[in-house]
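Asker: based on what follows, work out the 3D shape:
(chains A and B)
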Amino acid sequence: MDQIITAVVAVVGVPLVLLGYIIGGERVMERLPDRLQGWARPYFWALPAVGFATIFMVYPMARTVVISLRNSADTEWASGPWGVFANYHYFFTFPDTLTALRNSVAWLVFYTFFAVFLGLVIAILVDRVRYESLAKIAIFLPVPISAVAASIIWKFMFDYQTPGTPQTGTLNAVLGIFGRDPTPWLIDEPFVNNAALIFVGIWTAVGFCMVIISASLKAISSEVLEAARIDGANEFQIVRLVVTPLLWPTITVVGTTMLINALKTFDIVYVMTNGAYNTDVIATRMFSQMQSAHYGRAAAVGVVLFVAIVPLLIVNIRRFQQQEEQR
Amino acid sequence: MSAEQVTTRRESAVSRSVSALDNFGYRLQRLPLHLVIIIICAIWIVPTLGMVINSFRSIGDMNLAGWWTTLFPPHGFTFASYQQVLAIEEVPVSILYSILITIPATVIQLTIATMGAYAFAWMRFPGRNLFFIVIVGLMVVPIQMTLIPVLQIFKALHVNGTILSVWLAHSGYGLPFEVFLLRNYLGGLPREIFESAEVDGAGHSVRFLRIAVPMTIPAIASLTIFVFLGIWNDLLVALAFLGVSAYRPFTVVITGLVTSQGGGWQYLTAAAVLQMALPLAVFIFLQRYFVRGITSGSVKG
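Answerer: Alright, predicted model coming up:
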């Protein structure tokens, strides 16, 4: 009951507090001399947002770098084979983290490629049929579903019973129809189980890619396609030589988003296998180190993850700057 | 009816029968296209469908045969899984906590973001571009990079493990994206409106509350849905800050049951259906807003 009251107070209170902040602050501001007013007002307005971002993101990022150079309890500087970089030595030599690194690279390559590729192919295919919107809903359905629910959904698809007993998992039942032995999808390491997890990731992401690619597909003028047809291009040539190049800017945007998602992958692996049978990725590795209170190591894993994302971050900023110039 | 009209009718009838023949060949040609689309759609729907069907079966049935056997009589549908899941003390409570986490966190961050976005869109100040570029960069920073220090902050403030802590954490993590999006939207509003309001003597608070906010409602609506579902579906933030607290939300409780149950996890289908009912309902009934919210982030509309 108490929590409900607190929640209601927060829902009503926070906007009211901000309203008071704006109106009260503006009152104070109006009394100030003009020059000071012009200088102070923007900072007053931007302060809540910038403050939140600083407390919860900018400061913690810097602090994480420091923690990554400290011992597990964060009481003194780390010492070990690489001096203060002992936690990084752990990261790049310990077999479990190397496995996580390998798996993250696999996610990066296969998840990104197939999510974008299938999104593109499906967007182009459904563009040619009348039940397009219905088909899109089907493909998009996994997007709003949480990774937790998706993991339970796929646990049933991957369910495995010993050969000879009736298979309750959908995929193994299908294998049975073709007279094949059932596969322990989530246990058979290292290829089958990681591929299975990556597929679940792709399943949840294709709808997102498709919707965005489809939106810019609709923006291609039909005159361009007509001209290509009159010039004698067949449908495959049109897709390969006309449509795909025109969609390329969108494909790179979607691709960057997918690369970032791939590196951040956590939920699906955590719920489906919790890293068992060598399915750990960087993000789950970081979390398990944090849970066992190895803060230095966990921070080092976090820093490695961040460094991997930096190139994509730069790409995003560049693109933002280009957009700003066009405004 | 004049003679002319009759002849045109006849002609069109003839051309129609010719085109019907053409049509048949055309349709046959397109058969593989339809097949491929239908197969892909099936792969994307069947897993969810199978689990929803399973949630209405008894565990005994689930262990004996796959969900597809239920499609033929005797169906043997039952609510046993739902009863069993809701009978676990922490489950109904966790649904309540999910709501208590999600709604205030959404309201807090969107209010702050709208105000910040207004400053970035309609005020000039030294460092504005630099601040904003930092915000664009923060959008992709992995949460893992911040978890430990934020946990330390919460411990120092003695709010660790409370609902307040996740309100704050979600707000901090969500703000960069929201400020970015709302600033682009606000910046696209016609300059003349703000200038004439200024000439009429309206201060920034009036311009913000009476002009900017009302005109931004469509963007805020899409964003609200997107942010709300993001927090409802969140696992990582809740695990990190409420993982061992009494206020664990629904996703964390389900995950705990999945990993601890071993053999008897099948009845969790009911929990999964309950968890995804809200996002699916939102998606189905508010489709346009939902898709707009999801696409506006990556493509400048």
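
Asker: what's the mean pLDDT across stretch B:49-68?
Answerer: For stretch B:49-68, the mean pLDDT works out to 82.

Asker: could you work out the end-to-end span of that stretch for me?
Answerer: Distance across stretch B:49-68, first residue to last, is 10 Å (C-alpha to C-alpha, to the nearest Å).

Asker: so the helix ranked longest in chain A, near chain B or not?
Answerer: For chain A, the helix with the greatest residue count under DSSP state H is helix A:295-326. Yes: for helix A:295-326, a contact with chain B is found by C-beta under 8 Å from any C-beta of the partner chain, at A:295, A:298-299, A:301-303, A:305-306, A:309, A:312-313, A:316-317, A:320-321, A:323. Any C-beta I mention is one placed from the backbone N, CA and C, and that applies to glycine too.

Asker: buried ones only from those, please, as a PyMOL command.
Answerer: Of these, the buried ones can be selected in PyMOL as follows, counting by 16 or more other C-beta atoms under 10 Å in any protein chain shown:
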select buried, chain A and resi 295+298+299+301+302+303+305+306+309+312+313+316+317+320
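
Asker: low-confidence ranges, chain B, go.
Answerer: Residue ranges of chain B with pLDDT under 70: B:1-21, B:261-264, B:293-301.

Asker: what about the helices in the stretch 51-200 of chain B?
Answerer: Listed in chain order, the helices of the stretch 51-200 of chain B (DSSP state H, counting those that start in this stretch) span B:59-64, B:80-87, B:90-122, B:128-138, B:147-156, B:163-187, B:191-199.

Asker: which residues does B:Phe228 contact?
Answerer: Neighbour list for B:Phe228: B:Thr102, B:Ile103, B:Thr106, B:Val282 [criterion: C-beta atoms under 8 Å, 6 or more residues apart in numbering or on different chains].

Asker: show the buried residues in those.
Answerer: Buried subset of the contacts of B:Phe228 (neighbour count, 16+ other C-beta under 10 Å): B:Thr102, B:Ile103, B:Thr106, B:Val282.

Asker: turn these into a markdown table, including distance to chain A.
Answerer: Formatted as a markdown table, the buried ones among the contacts of B:Phe228 follow (distance: C-beta to the nearest C-beta, whole Å):
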| residue | distance to chain A |
| --- | --- |
| B:Thr102 | 10 |
| B:Ile103 | 6 |
| B:Thr106 | 9 |
| B:Val282 | 7 |
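
Asker: tell me which parts of the stretch 201-301 of chain B are close to chain A?
Answerer: Residues of the stretch 201-301 of chain B lying near chain A (C-beta under 8 Å from any C-beta): B:203-205, B:208-209, B:229, B:232-233, B:235-236, B:239-240, B:243, B:247, B:251, B:254-255, B:258-259, B:265, B:268-269, B:271-273, B:275-276, B:279-280, B:282-283, B:287, B:290-291, B:294-295, B:298-300.

Asker: chain B - how does it break down into domains?
Answerer: B:3-78, B:89-296 (automatic domain parsing).

Asker: hey, which of those domains is tucked in deepest?
Answerer: Greatest average neighbour count among these goes to domain B:89-296 (a mean of 20), per mean count of other C-beta atoms under 10 Å in any protein chain shown.

Asker: in contact with B:Leu242, which residues?
Answerer: So B:Leu242 contacts B:Gly161, B:Ile163, B:Ser165, B:Val166, B:Arg248, B:Pro249, B:Val252 (C-beta under 8 Å, 6+ apart).

Asker: sorry, slip of the keys, the one I care about is A:Pro245.
Answerer: By C-beta under 8 Å, 6+ apart, A:Pro245 has no neighbours at all.

Asker: dump the residue contacts of the nearest residue to A:Phe320 once chain neighbours are set aside.
Answerer: Nearest-residue entry for A:Phe320: B:Val136, 4.8 Å, with adjacent residues in sequence omitted and distances by C-beta to C-beta, 6 or more residues apart in numbering or on different chains. By C-beta under 8 Å, 6+ apart, the contact list for B:Val136 reads A:Asn316, A:Ile317, A:Phe320, B:Pro176, B:Phe180.

Asker: can you rerun that using 10 Å?
Answerer: A:Leu313, A:Asn316, A:Ile317, A:Arg318, A:Arg319, A:Phe320, A:Gln321, A:Glu324, B:Pro176, B:Phe177, B:Val179, B:Phe180 (C-beta atoms under 10 Å, 6 or more residues apart in numbering or on different chains).

Asker: could you measure from A:Val65 over to A:Leu125?
Answerer: 46 Å (C-beta to C-beta, to the nearest Å).

Asker: is it true that A:Asn194 touches A:Val281?
Answerer: Yes: here A:Asn194 reaches A:Val281: they are 9.2 Å apart, a contact under C-beta atoms under 10 Å.

Asker: which one's more surrounded, the two?
Answerer: A:Val281 (30 against 25; other C-beta atoms under 10 Å in any protein chain shown).

Asker: over to the more buried one: give its phi and psi.
Answerer: phi -120, psi 180 (degrees, to the nearest 10).

Asker: report the contact partners of it.
Answerer: Contacts of A:Val281 (C-beta under 10 Å, 6+ apart): A:99-108, A:194, A:197-198, A:262-266, A:268-270, A:275, A:305.
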